[in-house]
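**Q** what's the 3D shape of this:
(chains A and B, ligands or ions: 2)
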Amino acid sequence: MAMLELNDVHAYYGNIHALKGISIDVSEGEIVTLIGANGAGKTTTLKTISGLLRPRQGEVSFEGEELTEFPAHEIVYKGIAMVPEGRGIFSKLTVVENLEMGAYSRSDKDGISSDLDRVFTLFPRLQERRRQVAGTLSGGEQQMLATARALMARPRLLLMDEPSMGLAPVLVESVFETIQEIKDEGTTILLVEQNAHMALQVADRGYVLQTGEIVLKDSAQGLRDNAEVQKAYLGMQ
Amino acid sequence: MLRRYLERFNWLDFILLMFRVVILVAIAIGIFNSVRAAKYTDNQWATLVFAGLAQGSIYALIAMGYTLVYGILLMINFAHGEIYMAGALTVVFIAHIFNDSGFLNAQPLLAILIMIVIAAAVSTILNVVVERLAYKPLRGAPRLVPLITAIGASFALQYTFRGLYGAQYRAYPEVKALRELVTVFGYKVPLVQLVVPASALVLMLGLYFFVERTKMGKAMRSVSEDKDVARLMGINIDRVIVITFALGGALAGAAGVFNGLFRPQGINFYMGFFPGLKAFTAAVLGGIGNIAGAMVGGVFLGLLESLGPNLILEGLGIPSVNQLKDALSFTMLVLILIFRPQGIFGERLAEKKA
Ligand SMILES: Nc1ncnc2c1ncn2[C@@H]1O[C@H](COP(=O)(O)OP(=O)(O)O)[C@@H](O)[C@H]1O
Ligand SMILES: [Mg+2]
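**A** Residues are numbered from 1 along each chain as shown, chains lettered A, B, ... in the order given. Ligands and ions are numbered 1, 2, ... in the order given. Presented below is the predicted three-dimensional model:
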């Protein structure tokens, strides 16, 4: 059985029908990517999983439990953390305080401090700037912080919303290396990206979302070889 | 060159600039004349300074409630003055019980501590109840709606307490130990004028420590920055809001007792209105949403009210200056809103997004 399952999910913003019955599944240990143009509904999909938006119809289940009943602040306790679109770091808090907020759902002091060491090993730059106010970090560092903060919840499923957005090409490379490392440590990842090229290199499988509907679903290799995907998302002729 | 300057010339800016210059010159002339007239002794000035500190620290304590709630909900809780009144007015009865039994003057420290705890409890509970009943149902409504509700809640509280305790003025009993004169820097001042600012400072430092260091305090700061992301962390926004109102209420209740010790007269259901507005002024002055700012703003306002009439207004030849304290405070509010709406340390009231 899949770890995460979305079944015929419909979501609205007022009268705007943003998700028109999408079904997605993610199995343990996978990286699954959701690609699609701006406005396709990728962020909305993640919001229905994390509880920030309640679907009007359909089911979202995680490890066999229905999630749509729970308020957003309880979802992280189920084992799901999110790196939000635009990073959403707390800019007036220090780097360490941001990481502490990432571990807000936990009370195992020893586990938290060993995870702090772990994210500092993953991102040595954050350790150098641990006392700095997060708003003063560069864009790349803020992305590291948002990722590290989500890892501090020790999630079994990590939702990432366009982690490469607005970063210089060198930094984009390192974001995807990090994603691979996180997967190798055993965390399942649902990755939303506009950078389909990179996303399909790290992912095992992928879905293509178009104006609120899933139009394609295949292995990453299969999507890379698909002529439609090449034309629309990989910039090939 | 001149033409470009004239093209950019804006009458409103010019008038505001002139207005600023006139105010500053008036203040300078007032102070100069007052000092030259040397009508008051150094000890009299010192008394005014300490009274100003005491009054200012009471404003600062009340201002914490405005600034905390604004930081979390971007809402001005205009009923906050009534929350202060509720604690102060309820405890006036307790104070008399303590006084009549002799406990108040036999064990002033313990008696006052108990009074503070009771006032803080009353104000805390009331503030949380007002939030649950009046503000929570309006979450997500346009910002004007909870503002109007707050004004309604303010009247509802005033007249509830009038119904409970009547409209007559009451007074806190005298605590003899607090009236004793002590010498600081060579000046004699009543002990109460030291105890009140010192205790208020301890409470505000406690609040500052809570917000800066504890997990819940950090959660409050996270919620104030981004509610959705805070929820993703597992923070229950509703709980944070309740705790915010509770903290603001507790400090307002304590302020009510300090006020009763410092200025025993004038305790009735309407007593929260002016201090509430002044504490709001102090919060805006310090930059609303900013705790340290509200502290500084409160003390500044207290000193301005205490020293301003004799130091500035009298030197300008204005008659019966001591009746103009309130005018001075509210002129201050208008001036900040015109010239520096973001306050001394803060952001602009309107620019922060909800
Ligand atoms: N807060 C909102 N209010 C109204 N419409 C929204 C809101 N957020 C997104 N939408 C609309 O929902 C659709 C999907 O948006 P989104 O999920 O953000 O797309 P993506 O993340 O794929 O760029 C878009 O048409 C967008 O305009
Ligand atoms: Mg998006």
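**Q** my understanding was that B:Leu301 contacts B:Thr331; is that so?
**A** No - applying Cβ atoms under 8 Å, one finds B:Leu301 not in contact with B:Thr331, separated by 11.5 Å. Every C-beta, even on glycine, is put in place using the N, C-alpha and C of the backbone.
**Q** residue of chain A with the smallest distance to ligand 2?
**A** Of all residues in chain A, A:Thr43 sits closest to ligand 2, at 3.2 Å by Cβ to the ion.
**Q** so for B:Leu301 and B:Thr331, which residue has more residues nearby?
**A** For the pair B:Leu301 and B:Thr331, the greater number of neighbours falls to B:Leu301 (28 against 14), based on other Cβ atoms under 10 Å in any protein chain shown.
**Q** what helix or strand is the more buried one located in?
**A** When elements are assigned from DSSP states H and E, B:Leu301 belongs to helix B:291-308.
**Q** B:Tyr40: neighbouring residues, count only.
**A** 16.
**Q** give me the mean pLDDT for the helix or strand where A:Thr33 lies.
**A** Assigned by DSSP H and E, A:Thr33 belongs to strand A:31-35. In this model, strand A:31-35 has an average pLDDT of 95.
**Q** check which helices and strands it sits against.
**A** Here strand A:31-35 touches strand A:16-26, helix A:42-50, strand A:188-193, helix A:196-202, strand A:205-210, going by 3 or more Cβ pairs under 8 Å, 6 or more residues apart in numbering or on different chains; DSSP states H and E.
**Q** the lengthiest helix in chain A packs against which elements?
**A** Longest helix in chain A by number of residues (criterion: DSSP state H): helix A:169-184. Counting contacts by 3+ Cβ pairs under 8 Å, 6+ apart, helix A:169-184 is packed against helix A:139-151, strand A:188-193, helix A:196-202.
**Q** tell me who's in contact with the closest residue in space to B:Gly286 that isn't next to it in sequence.
**A** In this structure, B:Gly286 finds its nearest non-sequential neighbour in B:Gly293, 2.7 Å apart by Cβ to Cβ, 6 or more residues apart in numbering or on different chains. By Cβ atoms under 8 Å, 6 or more residues apart in numbering or on different chains, B:Gly293 lies in contact with B:67, B:283, B:285-287, B:343-346.
**Q** any idea how many residues pack against B:Gly102?
**A** B:Gly102, neighbours per other Cβ under 10 Å, totals 10.
**Q** and it, how close does it get to B:Ala111?
**A** Applying Cβ to Cβ, to the nearest Å, the value for B:Gly102 to B:Ala111 is 10 Å.
**Q** name the residues of stretch B:96-115 that come out as buried.
**A** B:98-99, B:104, B:108, B:111-112, B:114-115 (16 or more other Cβ atoms under 10 Å in any protein chain shown).
**Q** which residue is the nearest non-sequential neighbour of B:Pro309?
**A** Per Cβ to Cβ, 6+ apart, closest to B:Pro309 is B:Val321, 3.7 Å.
**Q** contacting residues for the one you found?
**A** B:309-310, B:313-314.
**Q** where's the one residue in chain B that gets nearest to ligand 2, which helix or strand?
**A** Checking chain B residue by residue against ligand 2 with Cβ to the ion singles out B:Asp228 as nearest, at 13.5 Å. According to DSSP H and E, B:Asp228 maps onto helix B:227-232.
**Q** contacts made by that helix with the rest, please.
**A** A:50-52, A:71-73, A:75-76, A:81-82, A:84, A:88, A:90, A:101, B:219, B:222-223, B:237, B:240.
**Q** what about that helix, near ligand 1?
**A** No - using Cβ under 6 Å from any ligand atom, we find that helix B:227-232 stays clear of ligand 1, coming within 10.4 Å at best.
**Q** show me what secondary structure element comes after that helix.
**A** Next helix or strand after helix B:227-232 toward the C-terminus (DSSP H and E): helix B:237-262.
**Q** in whatever helix or strand comes next after that next one, what counts as buried?
**A** Going down the chain from helix B:237-262, the next helix or strand is helix B:273-286, by DSSP H and E. Residues of helix B:273-286 classed as buried: B:275-286 (neighbour count, 16+ other Cβ under 10 Å).
**Q** low-confidence stretches in chain B?
**A** Applying pLDDT under 70 to chain B flags residues B:1-2, B:6, B:346-354.
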